[in-house]
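*Asks:* sequence and predicted model, in that order:
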Amino acid sequence: MLNVLLWISIRTIGAEKRAGIAEEKGEDIKKIVVAKSQLMEKDRQEISDLKKELEVSKLLHLKEIDVTVEETKKSAALSILQSRIKMAEEASAEGFDMKTLDLEGWRRISAGLMGEKMETSKVGDEAGDGVEKEVPQGDEGKDA
């Protein structure tokens, strides 16, 4: 009987130890889970911030592209106009009739593209208007 009591007490002590260890492990696991969830929340916030920063960066990049494209268009239009003016002046120097060309209109458009104030508003509203075609309004202004 003593053996049985000893055996029961050993079993009870062993079970209590295991329960205490399990309880400690459970608390440790809870601490680990809480720490990991806090870390995951921090990572989620960081990812969210990075996504916002990326969107802003994309928008700025697209804006820069738009500005570059517009500056390139303006530069090309200015180059074409300056070439037209130079050819017209050379042709005029050689004695060709220049009445059909709107040389002054081209000069006004060119000045506008270079940032100088345009003399009249009869010349096209956009840089492409004056570049793509001759402007007949300028001829009427000269004759009047």
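*Replies:* Here it is on my side, so go on.
*Asks:* so which residues of this protein form helices?
*Replies:* Assigned by DSSP state H, the chain shows helices spanning 2-93, 103-113, 127-132, 136-143.
*Asks:* so which of those is the most packed in?
*Replies:* With neighbours taken as mean count of other Cβ atoms under 10 Å, these reach their highest mean count in helix 103-113, at a mean of 21. From N, CA and C alone the C-beta is placed, and that goes for glycine too.
*Asks:* now it: mean pLDDT?
*Replies:* The average pLDDT within helix 103-113 is 82.
*Asks:* so which elements touch it?
*Replies:* Counting contacts by 3 or more Cβ pairs under 8 Å, 6 or more residues apart in numbering; DSSP states H and E, helix 103-113 is packed against helix 2-93, helix 127-132, helix 136-143.
*Asks:* again, only using 6 Å
*Replies:* If you count contacts as 3 or more Cβ pairs under 6 Å, 6 or more residues apart in numbering; DSSP states H and E, helix 103-113 packs onto helix 2-93.
*Asks:* what's the angle from the helix it packs on to helix 103-113?
*Replies:* Between helix 2-93 and helix 103-113, the angle comes out at 150 degrees (axes from the mean of the first three to the mean of the last three Cα atoms, to 10 degrees).
*Asks:* mean confidence for helix 2-93?
*Replies:* Rounded mean pLDDT across helix 2-93 is 85.
*Asks:* and that helix, what does it pack against?
*Replies:* With contacts taken as 3+ Cβ pairs under 6 Å, 6+ apart, helix 2-93 sits against helix 103-113, helix 127-132.
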